[in-house]
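>>> Pasted the sequence and its predicted model underneath.
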Amino acid sequence: MMTIRKLILGSAAALLATGAAQAADLPVKAKAVEYVKVCSLYGAGFFYIPGTDTCIKIGGYLRVDTTFNGGAHGQPAWSGDFGQQNRFRDYFVGRSRFALQIDTRTATEYGVVRTFGQGDFQFNNFGNSNPAALGVAPASPSSGTPGGLNSSLLSTAGGGYVAVEFVFIQFAGFTFGKSASAYATPWHGVPGNIDSNLLGGHTTDTGVNNIQYTAEFGNGVSASIGLDDPTVWNRTQVWNTSLGVGANGTGTQSYGGTHAPDIVGRIRVDQAWGLFQVSGAAHLVNASYNTLGAGGAPTNLSEISGHPEDKWGGSVMAALQIKNIPTGPGDDIKIDASYAVGTTKNVISTSGTSPSFAMFGGSGLGYQSVGFGATSDAIYAPPGSFGGGPLGGSGSGLLLTKAWGIRGAFNHNWDPYWSSSIFGSYSQVRYDGGADDNRRGIASAAGIYCQAFAASHGGLAAQTGVAGTGTYSCNPDWAVSQLGVVTRWTPVKNLTFSGEVMWTHLDQKMAGSAVFAASAPKPAALYEFKDQDTFLLQIRAQRNF
């Protein structure tokens, strides 16, 4: 009996132990899965970051461009090997870009807090392209290789680089970071074109470091004020004419360090009928020193040589967009007009640096013809730079360059799949005074420029005393006209194929001919000063997402 009882108790204990072990092996109840939740507060494409009240949108585009007879992204053949039309130029340039955009927004008691960033992963040939988009200068006048950068990372198989566009925070009406200037229009330099080289007004389409505040007054009326860092974006050239003017009509960069931000602002009305905007900007122009070495480098005499007094320049811009015009649904007209003194980038503007023109063509008079268009914010002649001449003792101080421009486009939709735009611009740059002002004791921009220009371009003997073969009159003023048309085909939503043709005409004001040593591979020869023209074709495939 005792044996049976022990057997029953032992079996019960074994069953309990086995049950406990099996219970330990049972799966624990899983937590509820946090599915992605759509955020409808800020438009299509936003969703909540799981576990937060922040909405995020991931988007961007993939773009493939090819430009014939021009640089990447539709840069006309207006300088360098392209402008010379020599054997080193590329007949076409391709660029592939993948742009990634991340937009986050969070509702707070102060309003929406927003962060936005865009990185461009891209590859293109820099053989002849202006690498100014990277913030560096070419290694030589006829070389497109970016100085100071490892070109093997840019122009070889498997190479490429990342460019940073907008990166900013918005909070309670303020914007901090790299964003469009408060001065800008919504379309920047692209009222209807696909290239980023339509001159005539302001462009900060890839952002500039700034702080700005926008006040909304309702009914589409707003006002913005901001401080822009001009170092990379809004400074062209300041030339110390004692360093001479080179073969292509430009001087040596003599800007000082950045001393003040640009003060910018706008008033805008944006309603169903269209948009009207008035913008203003103030820009400080400041030179380095009166005495500089080769290439504008400082010497041991620079600091004690003094410098010209800083001067404030400025610009204004008016812009108009008219929507719902009778030609068809979605059609519109965009136009803006600008005037600048000492802030030429607000007229001669691209998505990179402002160009200076050096274009060569055919001639029945000399070896070839040439057209120059020198872009600057100011020029100056240091004391003593003209020897015993009337300005030899006093110098000229900073003489600010003037510019004005107008640009616009008519955009038409043929049907849901096809659209076209006709666009154009006209810009003018002026250097006050006349070529022989220095001889008459007048400190003018044209006078000191032509004095320096004649030293390297013989033939202006009657005005400057510099002998040479050929006879020409000096006038550094110039104008540029552009006209183009683009047609787009969108076979499916967010996929567009485009073709654009653009004509650029340089109206330079020099007359006659001169002997000078042009930039290699051009020879030292007699060149006729003459207006120049160039055409380009750009084709693009782009998929937005």
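That came through fine. Residues are numbered from 1 along each chain as shown.

>>> Now residue 302: phi and psi?
Note on residue 302: backbone dihedrals following degrees, to the nearest 10 are phi -60, psi -50.

>>> From what I see, residue 347 and residue 427 are in contact.
Yes: the pair residue 347 and residue 427 qualifies as a contact (Cβ atoms under 8 Å) at a distance of 5.7 Å. For glycine as for every other residue, the C-beta is placed from the backbone atoms N, C-alpha and C.

>>> More neighbours: which of those two?
Taking other Cβ atoms under 10 Å, residue 347 and residue 427 do not tie; residue 347 has more neighbours (30 against 25).

>>> Per-residue pLDDT of the more buried one, please?
Residue 347 carries a pLDDT value of 98.

>>> Which residues are in contact with it?
199-202, 315, 338-340, 403-405, 427, 429 (Cβ atoms under 8 Å, 6 or more residues apart in numbering).

>>> what does residue 357 give?
Contacts of residue 357 by Cβ under 8 Å, 6+ apart are 78-79, 83, 371-375, 478, 480, 506, 508, 532.

>>> Kindly reformat the contacts of residue 347 as CSV containing distance to residue 275.
CSV is the format used below for the contacts of residue 347 (distance: Cβ to Cβ, whole Å):
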residue, distance to residue 275
199, 21
200, 18
201, 15
202, 15
315, 19
338, 16
339, 20
340, 22
403, 24
404, 21
405, 19
427, 22
429, 28
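
>>> top of the residues you listed by neighbour count?
Ranked by neighbour count (other Cβ under 10 Å), these have residue 201 at the top, with 32 neighbours.

>>> what about it, which SS state?
Three-state assignment for residue 201 (DSSP: H, G, I helix; E, B strand; the rest coil): coil.

>>> so it sits right up against residue 339, yeah?
No: assessed by Cβ under 8 Å, residue 201 is found out of contact with residue 339, at 10.1 Å.

>>> who touches both of those two?
Jointly contacting residue 201 and residue 339 under the rule Cβ under 8 Å, 6+ apart are 317, 347.

>>> Any idea how many residues pack against residue 180?
Neighbours of residue 180 under the rule other Cβ under 10 Å: 23.

>>> Could you do the one 3 residues further on as well?
Taking other Cβ under 10 Å as the criterion, the count of residues near residue 183 is 29.

>>> What sits closest to it if chain neighbours are left out?
Leaving aside its chain neighbours, residue 183 sits nearest to residue 264 (4.0 Å; criterion: Cβ to Cβ, 6 or more residues apart in numbering).

>>> Show me how far the helix or strand harbouring the one you found is from its chain's centre.
If you go by DSSP states H and E, residue 264 is part of strand 262-271. In terms of Cα atoms, centre = their mean, to the nearest Å, the gap separating the centre of strand 262-271 from the centre of its chain is 20 Å.

>>> can you check stretch 204-216 too?
Chain-centre distance of stretch 204-216: 15 Å, with Cα atoms, centre = their mean.

>>> Same check on stretch 372-388?
With Cα atoms, centre = their mean, you get 26 Å for stretch 372-388.

>>> now the residue nearest the centre of the chain: how far from residue 403?
Residue closest to the average C-alpha location in the chain (Cα atoms, centre = their mean): residue 351, at 2.0 Å. Look at residue 351 and residue 403: by Cβ to Cβ, to the nearest Å, they are 18 Å apart.

>>> what stretches of the stretch 151-300 of the chain score poorly on pLDDT?
Across the stretch 151-300 of the chain, the ranges flagged by pLDDT under 70 are 151-156.

>>> what about 90?
Where the stretch 151-300 of the chain drops to pLDDT under 90, the residues are 151-163, 232.

>>> ok, which pair from the contacts of residue 357 is furthest apart?
375 and 532 (15.5 Å; Cβ to Cβ).

>>> quick one: the helices in the stretch 401-545 of the chain?
In the stretch 401-545 of the chain, the segments counted as helices under DSSP state H, counting those that start in this stretch are 445-456, 461-464.

>>> distance between stretch 397-405 and the chain's centre?
Computed by Cα atoms, centre = their mean, the chain-centroid distance of stretch 397-405 equals 20 Å.

>>> and what of stretch 536-545?
Computed by Cα atoms, centre = their mean, the chain-centroid distance of stretch 536-545 equals 19 Å.

>>> Backbone dihedrals for residue 231, both of them.
For residue 231, the backbone dihedrals (degrees, to the nearest 10) come out as phi -60, psi -50.

>>> Grab the nearest non-local neighbour of it.
residue 258 (4.6 Å).

>>> count of residues packed around the one you found?
Look at residue 258: counted by other Cβ under 10 Å, it has 14 neighbours.

>>> That one against residue 228, yeah?
No: here residue 258 does not reach residue 228: they are 10.8 Å apart, not a contact under Cβ under 8 Å.

>>> Strand partners (parallel or antiparallel) of the helix or strand containing residue 166?
For residue 166, the enclosing helix or strand under DSSP H and E is strand 161-171. Here strand 161-171 has these sheet partners by DSSP bridges: strand 111-124 (antiparallel), strand 174-179 (antiparallel).

>>> chain center to stretch 314-321: distance?
Put simply, stretch 314-321 sits 18 Å off its chain's centre (Cα atoms, centre = their mean).

>>> Buried residues in it, which are they?
Buried residues in stretch 314-321, counting neighbours by 16 or more other Cβ atoms under 10 Å, are found at 314-319, 321.

>>> average model confidence for that stretch?
Stretch 314-321 comes out at a mean pLDDT of 98.

>>> neighbouring contacts of that stretch?
Stretch 314-321 has contacts (Cβ under 8 Å, 6+ apart) with 183, 185, 187, 201-202, 274-283, 332-343, 346-347.

>>> all strands for the stretch 251-400 of the chain, in order.
For the stretch 251-400 of the chain, the strands defined by DSSP state E, counting those that start in this stretch cover 262-271, 274-285, 311-323, 332-341, 357-361, 368-373, 378-380, 399-400.

>>> Only alpha carbons, please: show the first one as CSV.
Read it as strand 262-271. What follows is strand 262-271, C-alpha atoms only, in CSV (Å, rounded to 0.1, in the frame of the first residue of the first chain):
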residue,chain,number,x,y,z
ASP,A,262,23.6,91.6,-46.6
ILE,A,263,20.4,93.1,-45.2
VAL,A,264,17.5,91.9,-47.3
GLY,A,265,13.7,92.0,-47.3
ARG,A,266,10.5,91.8,-49.3
ILE,A,267,6.8,92.5,-49.4
ARG,A,268,4.7,90.0,-51.2
VAL,A,269,1.0,89.6,-52.3
ASP,A,270,0.3,86.0,-53.3
GLN,A,271,-3.3,85.3,-54.3
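
>>> I'm done for today, thanks for sticking with me.
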